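[1] Predicted model and sequence follow; I will ask about them next.
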Amino acid sequence: MSGVTEAPGAAEAGDDARASRKLGLYLTLPAQLLVLFIAVFPLLMQLYISLTGWSPLTGMGWWNAWSLWNSFQNYVELAVDNRWWSALLRTLLVMVVCVPAEFLLGLGLATLFMDNFYGKRAFYSILLMPMMVVPAVAGYMFFMLFQSGGPVNDLLSTLSGQNIAIAWLSNPSLAMVAVMVADIWQWTPLMFLILLAGLVGVQEDQLKAATLLGANWRQRFVTIMLPRMKTIIIIALAIRTIENFKIFDTLYIMTGGGPGVATETISVYIYKLITNDLNWGYVAAIALVILLTLSVALGIAISRMGKASTEVTK
Amino acid sequence: MTSIRLDTLTKKFGAFSAIRTMDLEVHDGEFMALLGPSGCGKSTTMNIIAGMERPTSGRVLFGDRDISNVPMTRRGVGFVFQNYAIFTHMTVRQNLAYGLKARGTAGAETDRRVGAIADFLQLTPFLDQPSAKLSVNILQRIAIGRSAIVEPSIFLLDEPLSNVDAAFRAVMRTELKHLQRQFRQTMVYVTHDQLEAMTMADRIAVMDHGVLQQVGTPLEVYNNPVNIFVARFIGSPGMNLLPATLVELGGRLHADLGKAGLSRALTAPLAAAARGQKSRDVWFGFRPEELSVAADTAGLTLAVTFIERIGSRTIAHFDAGGVAVKGVFENDVALQAGSTAHVVAQEQSVRLFDRATGQAIVGD
Amino acid sequence: MAAIEFRSVTKRFGQTVAVDQASFRIEDGEFFCFFGPPLSGKSTILRLILGLEKPDEGEVLIGGRPVNGVGPAARNVAMVFQNLALFPHLTAEQNVRFPLVERKTDPEMIARRVAEVSGKLHIAHILHKLPAHLSGGERQRVAIARALVRDPVAYLMDDPISALDARLREETRVELKRIQTELGRTLVYVTHDQEEAMSIADRMAILEHGQIRQIGSPTQAYDQPANDYVARLLGAPMINILSVEADAGAGVLRLGGGAITLPLSAVPQGTSRVGVRPEDLGITKAGDAGKATVFEVEPLGGFTVVTLSAGGNRLRALLRGQPAIQTDSAVGLTMNPAAAHFFAQDGRSLARVGS
């Protein structure tokens, strides 16, 4: 308690502080303008292009796109674009399955790691490995695993005693399952890592106190650990939700969005639009819509987080 | 009933021995202080009693029951942590009710008991406040209330007063002791502050380096420390210890204190015990409070180095040939820093310790 | 010359007044203590002396020179922080020489200064060690050495030994006093521990909510507190402060519901409360004097603290030795009228009658 000093942070008040804050603003102004330029310029450019029918095939510079002005036609098209809507639904489906699965698996693993067991360090390293694999390599790995004559089918054959040759990647619904398995494999470690940090941060004395007061494992988990980890859980979920929404590389290498469009997510769709159709005005419109949606979601998450952290911090 | 017995308890952390063969019995309803400097093994002992640590060998018994294998959830001991370990994400009420809720006590009964304990600890006004922003003094009461509400027959406290301010600490000392006398739980109180141990405990167990040094009432350990560690650790300031050689002078035994001079003759029982020793080299010990200024140039000759007046008493610091000696006097004592003083340690107050072993030499 | 003077200095942080119209003069070479509970403004005063804060009103002078516009570096006042703030990755020697290296002092001069201060503080033999390998007391001395190496006109300490345990604190404060006496340098010291303040200060200022409630030697403040606040803050156990009730018929003032009485002739006009130090209370057999019940007995060895219940009040008496007193027994209370402290309604001390 010797750390009690009188209002050390309060120095910001007073004229002095106000003057120095102004000086600070002047000094950082160039940098701030640069950041603003980097962030805002592409955004404005995108907005501009999204209101036109511009494409690099037109042969004109993007700044001349006004000659192909089509107002909100891109947005109207988007609203009735079935391929877009199903890509969005598919993306959401992957998110709804993968993020909770990754969360629960990560939390379970993290909880296991709170206790000591033989080989803990080795397991720890192994667990983190998927996260370090280059997504493209992971994609190729799973592409091989899920071949008709691949190890997954071999394993299933051995287990069931029958010859199983499932065409994972060419069956529309199974392809989706394979893609999800790959995502969960690769990203559960990140959840695990973040949640483990959260668990370690819960004061051990509080857990001991609860134990001595007769709380069992479940009670301790629900009444002490979860509430104290609220902030970190929200952070972990937010990170993974945003990331998952953009799912692309592993998936693209495994299925290329196929069979047909069975695993086509938003990112894959956009990629195809850019490379095949070269309809950049339309792509710009999609990109803006996604950005807007994500920003709103993130805003909600952050405000929730702020609330949670004020409740939890002592 | 709930006495606590530690039976040949040892605890090792790797190669380090935190507790070396400890036997201790805390009687039913007794207030026992575990006292020692940091790292002496007192907290480890307490954690073993609570079940947070497992002993390397030996047993822990509550009454006649060996609870060495009972997990801490089911030991039913009340425990107050040094940092209080308040659940800061809950209100005061939720904190207090926690133990009852965990046991599945009925809602109405929980409310009644929370109300009662809050009343008793003067926490009622804070019941529905979040506990995160309350002062240390209140947190401490919540910590006590949260453990007390489940009415444990054994109460363990780990330096609960070390974080509160001095004035409140004095009040809490009295209150805690009074509380314990009212409810008669078996209480084990860990502290490094000899003042807390002296003022509150029925008995004190003094520990150092994982070894139990002495168990006794506060006045026993103060008056008759078994070795120089206890002699120095108990008391404020601790006992003065001067290296001395015993000399026979006209049939009486005196301690030759070198430059400081010759002590008065030892009392007959002490002299008899000292004569029974092989070595003549001893520590000559006496309490700072038992020093008095000699009327003439008799007594020990000491150089006064520093005078500290602390309110009701004056502490004089002396130098006895390179050894620091302290005396506690009334404020009107006539001593000046930089001068030479003649002081007397009363015969009855003198304690001797073997210089080789540090153990007390005790007369009958 | 390094007297430090405040003239009606006020410092506000937003709505809170951290230091309120503080005026004092710390003489050159003095060991001056600021003492008060947390948030009473003592650390802010240190920061004002250091120049880390600027006063909103009033003037700060060091060595007779106004320094309101002078920055911390130019004031040449050194600070030993509460947590010592030693650099853990540097050895004791590197820590000590740090302020000089920072100022690009000549290497020969650095070596000389480091040798000089480490000699004075008896740390020459531990200079090669890292802070982690030093004891609390040694770290303390290294931190002081680092403050002294620049040869400051005054040095300030903010509760520097509060982290040590009780026994070590007792040793260290005497050591600090010795060092300060030897160095003869102005030392401004902040503490929340009354025993520490009384032990080492030449003079002390007692603070409450940013206001100085009394300035004086520890003996003055203890024996003649300016008000009940100061009386309560100094002394352990705390002074007993009792409500009063005049009984004109019997010609006595009844304290604490009648546990003790004082002749009205000894009581100054306007007394609203009376303070009695625990060491000025005596306990006798029941029946002799005011009645009380023993609530708790706390043996300290050389002394015994007896907590008493008397007329709904809780009183503490500090007795010499180890008297045999039983809890819950009825006892009598005595006190020397000359030892009473009289306080007015507003807490001000009243002069004793005839003094």
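    Received the coordinates, thanks.
[2] And what about B:Ala205, helix, strand or coil?
    Following DSSP: H, G, I helix; E, B strand; the rest coil, B:Ala205 is assigned to strand.
[3] helices or strands up against the regular element (helix or strand) spanning A:Val76?
    A:Val76 is part of helix A:73-79 when elements are defined by DSSP states H and E. Helix A:73-79 is packed against helix A:280-312, with contacts defined by 3 or more CB pairs under 8 Å, 6 or more residues apart in numbering or on different chains; DSSP states H and E. Placement of C-beta: from N, CA and C, glycine included.
[4] How about the strand or helix carrying B:Met187 and chain A, touching?
    When elements are assigned from DSSP H and E, B:Met187 belongs to strand B:186-191. No: between strand B:186-191 and chain A, judged by CB under 8 Å from any CB of the partner chain, nothing touches; the nearest distance is 13.6 Å.
[5] any idea how far that strand is from the chain center?
    Relative to the centre of its chain, strand B:186-191 is centred 10 Å away, using CA atoms, centre = their mean, to the nearest Å.
[6] So which bits of chain C are right by chain A?
    Proximity of chain C to chain A, by CB under 8 Å from any CB, involves residues C:12-14, C:16, C:18, C:38-44, C:52-54, C:56, C:82-83, C:158-159, C:162-163.
[7] Run the contact check for the strand holding B:Met187 versus chain C.
    No: contact of strand B:186-191 with chain C (CB under 8 Å from any CB) is absent, the minimum separation being 10.1 Å.
[8] Report the strands that pair with that strand, each with its relative direction.
    strand B:31-35 (parallel), strand B:154-158 (parallel) (DSSP bridges).
[9] So which other helices or strands are in contact with the helix or strand just after that strand?
    Counting by DSSP H and E, the next helix or strand C-terminal to strand B:186-191 is helix B:194-200. Applying 3+ CB pairs under 8 Å, 6+ apart, one finds that helix B:194-200 makes contact with strand B:31-35, helix B:166-183, strand B:186-191, helix B:218-223, strand C:290-299.
[10] so can I have a markdown table of these showing mean pLDDT and mean neighbour count?
    Formatted as a markdown table, these follow (pLDDT from 0 to 100; neighbours: other CB atoms under 10 Å in any protein chain shown):
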| stretch | mean pLDDT | mean neighbour count |
| --- | --- | --- |
| strand B:31-35 | 96 | 26 |
| helix B:166-183 | 83 | 17 |
| strand B:186-191 | 95 | 26 |
| helix B:218-223 | 95 | 20 |
| strand C:290-299 | 87 | 20 |
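[11] what about those, which gets the closest to B:Val304?
    With CB to CB as the criterion, B:Val304 lies closest to helix B:218-223 of the helices and strands packed on helix B:194-200, at 25.6 Å.
[12] could you say what helices and strands the closest one packs with?
    Packing contacts for helix B:218-223, counted by 3+ CB pairs under 8 Å, 6+ apart, involve helix B:194-200, strand B:203-208, strand C:290-299.
[13] just so I know, which of the ones you listed lies nearest B:Ala324?
    Of those, nearest to B:Ala324 by CB to CB is helix B:194-200, at 18.4 Å.
[14] for the closest one, the distance to its chain's centre please.
    5 Å.
[15] isn't B:Thr73 right up against A:Arg220?
    No: applying CB atoms under 8 Å, one finds B:Thr73 not in contact with A:Arg220, separated by 9.2 Å.
[16] anything in contact with each of those two?
    A:Thr211 (CB atoms under 8 Å, 6 or more residues apart in numbering or on different chains).
[17] Of these two, which one has the most company?
    Set B:Thr73 next to A:Arg220 and count neighbours by other CB atoms under 10 Å in any protein chain shown: A:Arg220 wins out with 21 against 18.
[18] any idea how far the residue of chain C found nearest chain A lies from C:Thr44?
    In chain C, no residue comes nearer to chain A than C:Phe13, which is 3.3 Å away by CB to the nearest CB. To C:Thr44, C:Phe13 is 8 Å away according to CB to CB, to the nearest Å.
[19] out of those two, which sits in the busier spot?
    Higher neighbour count among C:Phe13 and C:Thr44: C:Thr44, with 29 against 20, using other CB under 10 Å.
[20] Sticking with the nearest residue to that one once chain neighbours are set aside, tell me its helix or strand.
    Take C:Thr44 and drop its neighbours on the chain: the residue closest to it by CB to CB, 6 or more residues apart in numbering or on different chains is C:Ala18, 4.3 Å away. Element membership for C:Ala18 (DSSP H and E) is strand C:16-26.
[21] What are the buried residues along that strand?
    For strand C:16-26, burial by neighbour count (16 or more other CB atoms under 10 Å in any protein chain shown) applies to C:Val17, C:Ala18, C:Val19, C:Asp20, C:Ala22, C:Phe24, C:Ile26.
[22] So the third one sits against C:Leu46, correct?
    This means C:Val19. No: with contact defined as CB under 8 Å, C:Val19 does not reach C:Leu46; the gap is 10.5 Å.
[23] what sits against the nearest residue to C:Ala338 once chain neighbours are set aside?
    Of all residues beyond its chain neighbours, the one nearest C:Ala338 is C:Arg352 (7.3 Å), with distances taken as CB to CB, 6+ apart. Contact analysis of C:Arg352 by CB under 8 Å, 6+ apart lists C:Ala266, C:Pro268, C:Ala338, C:Ala340, C:Phe342.
[24] Confirm for me that the fourth one is in contact with C:Val274.
    What that stands for is C:Ala340. Yes: using CB under 8 Å, C:Ala340 is in contact with C:Val274, at 5.4 Å.
[25] what is in contact with those two at once?
    Shared contacts of C:Ala340 and C:Val274, defined by CB under 8 Å, 6+ apart, comprise C:Leu262.
[26] quick one: pLDDT of C:Gly216?
    On pLDDT, C:Gly216 comes in at 96.
[27] Phi, psi for it please.
    phi 180, psi 180 (degrees, to the nearest 10).
[28] who touches stretch A:213-232?
    Residues outside stretch A:213-232 that contact it (CB under 8 Å, 6+ apart) are A:111, A:194-195, A:197-199, A:201-203, A:206-207, A:210-211, A:233, A:305, A:308-309, A:311-312, B:73-74, B:76, B:87, B:89, B:98-99, B:101-103, B:146-147, B:150.
[29] Restricted to buried residues, select these in ChimeraX.
    To isolate the buried members of the contacts of stretch A:213-232 in ChimeraX, using 16+ other CB under 10 Å:
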select /A:111,194,195,198,199,202,203,206,207,210,211,233,305,308,312 /B:73,76,87,89,98,99,101,102,146,147,150
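[30] and the closest residue to chain B within the stretch 201-350 of chain C, how far is that from C:Leu318?
    As assessed by CB to the nearest CB, chain B sits closest to C:Gly302 within the stretch 201-350 of chain C, at 2.9 Å. The spacing between C:Gly302 and C:Leu318, counted by CB to CB, is 11 Å.
[31] Name the residue in those two with the higher neighbour count.
    Higher neighbour count among C:Gly302 and C:Leu318: C:Leu318, with 21 against 18, using other CB under 10 Å.
[32] and that one, what are its bridge partners?
    C:Leu318 forms beta bridges with C:Val305, as assigned by DSSP bridges.
[33] That one: what's it in contact with?
    Contacts for C:Leu318 (CB under 8 Å, 6+ apart) come out as B:Ser312, C:Pro237, C:Arg277, C:Pro278, C:Glu279, C:Leu281, C:Phe303, C:Thr304, C:Val305.
[34] Check the contact between the fifth one and B:Ile310; I expect there is one.
    Just to be clear, that refers to C:Glu279. No: the criterion here is CB under 8 Å, and C:Glu279 misses it with B:Ile310 at 11.5 Å.
[35] Was I right to think the residue nearest to C:Thr44 contacts C:Leu46?
    No: in this structure, C:Ala18 is not within contact of C:Leu46 by CB under 8 Å, at 11.5 Å.
[36] per-residue confidence at the residue located most distally from the centre of chain C?
    Distance from the C-alpha centroid of chain C peaks at C:Gly249, with 42.9 Å (CA atoms, centre = their mean). Here the pLDDT value assigned to C:Gly249 is 87.
[37] Same question for A:Pro259.
    83.
[38] if we can go back for a sec, sec struct for the residue nearest to C:Ala338, please.
    Classification of C:Arg352 using three-state DSSP returns coil.
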